[in-house]
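A.B. asks: build me a model:
(3 chains)
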Amino acid sequence: MRKLIEIYRRLYRTFGPQHWWPGDSPFEIAIGAILTQNTNWGNVEKAIENLKRVKTLNAKSIQDMRAERLASLIKPAGYFNIKAKRLKAFIYFLLNEYHGSMKRMRDVEMRTLRTKLLEIHGIGPETADSILLYALEKPVFVIDAYTKRVLSRHGIMEHTKPYEEFQDLFHSTLKKDLRLFNEYHALFVRLGKTYCRKNPRCEDCPLEGI
DNA sequence: GACCAGGCACATC
DNA sequence: GATGTGCATGGT
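C.D. replies: From the prediction side, this is the model:
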């Protein structure tokens, strides 16, 4: 699928490197991946800042914290009651399986780990893949709403197709390269955020004619 | 005041 | 298997 290469080329030429994921540690990235579910990143930053301010951005503190307290700290990220439970579910897994160490989690074989992550309540395919790619540096392609929108808009795949089908398209077309997968997904988000939203008519789109 | 944002689980048909 | 709904804040 040459189009996928061309789309990447154009996005990179237009926007340049995106330096993802914004976050100071693998643990913070994983927390951010859960908090950003259907949520504006700016709101997630506020929630993470709250956790940092009271020095609780670590597995042990979050596990020991009452769900109500956690919910109030992450309030700016929205869905705070649900996300408090999801964070606790992920941290329960991290502490029990890997002694709270993202480094140890990283040592697990990719497919095995992906399956385990998907078994955690509140972690679906996009969140699992975001953690795998950006926190653990595994070469998996992350599919999100923007990616589906762009590909369906350009007649490459219908947006109703399941997550894995979109992902397979990228996996079978592109070299399994960590840096490429990192940059490509970030560029899709950049396009959606800074361009599509402000130009619903798609005028002067960098992908025009693809 | 509507609409949207870097999803997911669950109910219902 | 497809389709609909609740979850919630803050910016445009």
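
A.B. asks: list the contacts of residue A:89.
C.D. replies: Contact criterion C-beta atoms under 8 Å, 6 or more residues apart in numbering gives A:120, A:121, A:122, A:123 as the residues in contact with residue A:89. All C-beta spots, glycine's among them, are computed from the backbone N, C-alpha and C.

A.B. asks: can you tell me the element it falls in?
C.D. replies: Applying DSSP states H and E as the criterion places residue A:89 in helix A:80-98.

A.B. asks: and the nearest residue to residue A:128 once chain neighbours are set aside, what pLDDT?
C.D. replies: Nearest residue to residue A:128 in three dimensions, chain neighbours excluded: residue A:117, at 4.0 Å (C-beta to C-beta, 6 or more residues apart in numbering). Among the per-residue scores, residue A:117 shows a pLDDT of 98.

A.B. asks: DNA strand C contacts on chain A?
C.D. replies: Contact residues (C-beta under 7 Å from any atom of the strand) of chain A with DNA strand C: A:38-40, A:42-43, A:46, A:75-76, A:78-83, A:160, A:162.

A.B. asks: so which of those residues reach DNA strand B?
C.D. replies: Taking C-beta under 7 Å from any atom of the strand as the test, DNA strand B is in contact with A:38, A:39, A:40, A:43, A:78, A:79, A:82 out of those.

A.B. asks: so who does the residue in chain A that DNA strand B sits nearest to touch?
C.D. replies: For chain A, the residue closest to DNA strand B is residue A:124, as judged by C-beta to the nearest atom of the strand, at 2.3 Å. In this structure, residue A:124 makes contact with residue A:118, judged by C-beta under 8 Å, 6+ apart.

A.B. asks: could you look up the SS state of residue A:131?
C.D. replies: Per DSSP: H, G, I helix; E, B strand; the rest coil, the local secondary structure of residue A:131 is helix.

A.B. asks: what about it, how many residues nearby?
C.D. replies: For residue A:131, the number of neighbouring residues by other C-beta atoms under 10 Å comes to 29.

A.B. asks: nearest residue to residue A:176 other than its sequence neighbours?
C.D. replies: Counting by C-beta to C-beta, 6+ apart, residue A:176 lies nearest to residue A:139, which is 4.4 Å off, once chain neighbours are set aside.

A.B. asks: need the pLDDT of the most centrally placed residue in chain A.
C.D. replies: Here the mean C-alpha position of chain A is nearest to the C-alpha of residue A:130 (C-alpha atoms, centre = their mean), at a distance of 3.5 Å. For residue A:130, the pLDDT comes out at 98.

A.B. asks: once you drop chain neighbours, what's closest to it?
C.D. replies: Nearest non-adjacent residue to residue A:130 (C-beta to C-beta, 6+ apart): residue A:33, at 4.1 Å.

A.B. asks: can you give me the neighbour number for the one you found?
C.D. replies: Neighbour count for residue A:33, taken as other C-beta under 10 Å: 25.

A.B. asks: understood, closing this out.
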